[in-house]
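K.L.:
Generate a structure from the sequence data that follows.
(one chain, ligands or ions: 1)
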Amino acid sequence: MPKKLMVATLAILISIFMAIPAAAAPPVTVYWNDREVHFDAAPVMEDGRCLAPLRPLAEAMGAELFWDQQAGAATAHLAGVTLTVTPGSPIAVVNGREISLPVAPAVRGGEVFIPLRAAAGIFNISVDWDETSSSAFLYPNSNDLIHGSDRETVHQISILSALLEGQYDGLTSFAELKKYGDTGIGTFEGLDGEMIELDGEFYQVKADGAVYPVAGTMKTPFASVTFFQADKAQAINEETNFQQLQELIDSMIDNENIFYAVKVTGNFNYVKTRSVPGQQKPYPPLAEVTKNQPTFELNNEEGTLAGFLCPAYVEGLNVPGYHLHFLNAAKNAGGHLLDFIMTSGRVEIDATHNFYMRLPENGDFGKIDMTEDRSQETNIVEK
Ligand code: ZN
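P.N.:
Prediction:
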């Protein structure tokens, strides 16, 4: 190749390569616990490495952040780990010890960009990278980082008023929800059935009455879970109906104003449940859907009731009083409990003093009139 042509070709190639990164590098989306982290200055890919602004990242994770103007260094503190980075230097300080970062943090547009994967490793956070959507999914490995995952906490996704208004979009994945409890109840994206969680396994009772396995990637618009550890238990040796069970549990509790997780295992002569059919957008209000709810009557089943006794003040947030779901021992029938008669079994209750609530971030949630009294509607949809 003549030298002139080679230089020209090289020049063209260089200009192409120079042009490609800016045009082709897709913006990186970062999720913390399934929630998108909002950045004013978007994270970027450089040499196959994601660089992300430290401040929004730290805020999303609930870290304390401190900027030392004099030293020109940023310090983030999270769950017993203190990281100090100095823009321009690859040397970072972790709990007083110096370590090397793969690249030096840099200030761009007023933000300190740090190598994402290296920083995540320092805070014991795992990173799942999705090439197709150019997204980084960050999940905490340390329990100290999972807010509301305490064993004595009821962890709730969204609020009942939002569900009553027809907000059935999935908010939290079941893989994520599992970190906050092994026992609970709720529903699915699009209101596609009743959810019951027992011993860390989720079950979906659809409108056809059948029970389906739940993939970790499926999402819930409304659920409450906790780690079940019985504080009190009582045997049931005589015929007991729903009303009588409520009276029995009422007699076991000593604080009406905290939450109780409830689990009842035993032999049921009769169980009446319901489920709800999956909905398409625009979603109708819950009271519209439950007008045509399929109900199921089961006879002579071994099984488990699980759910919550919530204090009166949760009105609007959850269901005040008893809200239980049923799953039979064969795990092929169940649903939202309407009525039952049991002959023998055992009731266990778990007194829970902490309540953690995740609110939807979408705009529709912001438009719901929360001053409205929905107690009657709540009564209608639960019965
Ligand atoms: Zn229910």
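K.L.:
Next, count neighbours for the nearest residue in space to A52 that is not next to it in sequence.
P.N.:
Leaving aside its sequence neighbours, A52 sits nearest to P43 (CB to CB, 6 or more residues apart in numbering; 3.8 Å). C-beta here means a position set from N, CA and C on the backbone, and glycine is covered the same way. Neighbour count of P43, defined by other CB atoms under 10 Å: 22.
K.L.:
Relative to V94, how far out is P43?
P.N.:
To V94, P43 is 21 Å away according to CB to CB, to the nearest Å.
K.L.:
Quick check on the residue nearest to A52: phi, psi?
P.N.:
phi -60, psi 150 (degrees, to the nearest 10).
K.L.:
Looking at per-residue confidence, what score does it get?
P.N.:
P43 is assigned 93 on the pLDDT scale.
K.L.:
how about it, what does it touch?
P.N.:
Counting by CB atoms under 8 Å, 6 or more residues apart in numbering, P43 touches 27-28, 30, 50-53, 113, 116, 136.
K.L.:
Looking at the residues you listed, which are in helices?
P.N.:
L116 (DSSP state H).
K.L.:
Most neighbours among the contacts of P43, which one?
P.N.:
A52 (26 neighbours).
K.L.:
for the spatially closest residue to V103 that is not a sequence neighbour, what are its contacts?
P.N.:
Computed as CB to CB, 6+ apart, the closest residue to V103 that is not its neighbour in sequence is P115, at 5.4 Å. By CB under 8 Å, 6+ apart, the contact list for P115 reads 49-51, 101-103, 105.
K.L.:
Could you report the pLDDT at P115?
P.N.:
95.
K.L.:
how close does it get to D231?
P.N.:
46 Å.
K.L.:
need the helices for the stretch 151-300 of the chain, in chain order.
P.N.:
Under the criterion DSSP state H, counting those that start in this stretch, the stretch 151-300 of the chain carries helices at the ranges 160-164, 174-177, 242-252, 286-290.
K.L.:
Can you add mean neighbour count and give those helices back as a markdown table?
P.N.:
Below are those laid out as a markdown table (neighbours: other CB atoms under 10 Å):
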| stretch | mean neighbour count |
| --- | --- |
| helix 160-164 | 22 |
| helix 174-177 | 21 |
| helix 242-252 | 14 |
| helix 286-290 | 18 |
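K.L.:
Quick one: closest of those to E302.
P.N.:
Counting by CB to CB, E302 lies closest to helix 242-252 out of the helices of the stretch 151-300 of the chain; the figure is 16.4 Å.
K.L.:
same for that closest one, what does it pack against?
P.N.:
strand 232-236, strand 259-274, strand 321-328, strand 334-352 (3 or more CB pairs under 8 Å, 6 or more residues apart in numbering; DSSP states H and E).
K.L.:
Looking at those, which is nearest to D369?
P.N.:
Here strand 321-328 is closest among these (CB to CB), at 23.6 Å.
K.L.:
Could you pull out the buried residues of that closest one?
P.N.:
For strand 321-328, a neighbour-count test (16 or more other CB atoms under 10 Å) marks 322-328 as buried.
K.L.:
again with stretch 268-277
P.N.:
Under the neighbour-count criterion of 16+ other CB under 10 Å, stretch 268-277 has 268, 271-276 buried.
K.L.:
Report the contact partners of the residue nearest to N362 when sequence neighbours are not counted.
P.N.:
Of all residues not flanking N362 in the chain, D169 sits nearest, at 7.1 Å (CB to CB, 6+ apart). Taking CB under 8 Å, 6+ apart, we find D169 in contact with 189, 221, 360, 362.
K.L.:
and these as TSV, adding neighbour count?
P.N.:
Output for the contacts of D169, formatted as TSV (neighbours: other CB under 10 Å):
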residue	neighbour count
E189	16
P221	24
P360	19
N362	12
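K.L.:
Let me know the closest of the residues you listed to Q204.
P.N.:
E189 (10.7 Å).
K.L.:
and the closest residue to that closest one other than its chain neighbours, how far is that from G345?
P.N.:
Leaving aside its sequence neighbours, E189 sits nearest to G170 (CB to CB, 6+ apart; 3.4 Å). Applying CB to CB, the value for G170 to G345 is 34 Å.
K.L.:
ok, now L298?
P.N.:
For L298, the distance to G345 - CB to CB - is 15 Å.
K.L.:
Same question for V44.
P.N.:
Shown here: V44 relative to G345, a distance of 59 Å by CB to CB.
K.L.:
how's the protein carved up into domains?
P.N.:
29-140, 146-383 (automatic domain parsing).
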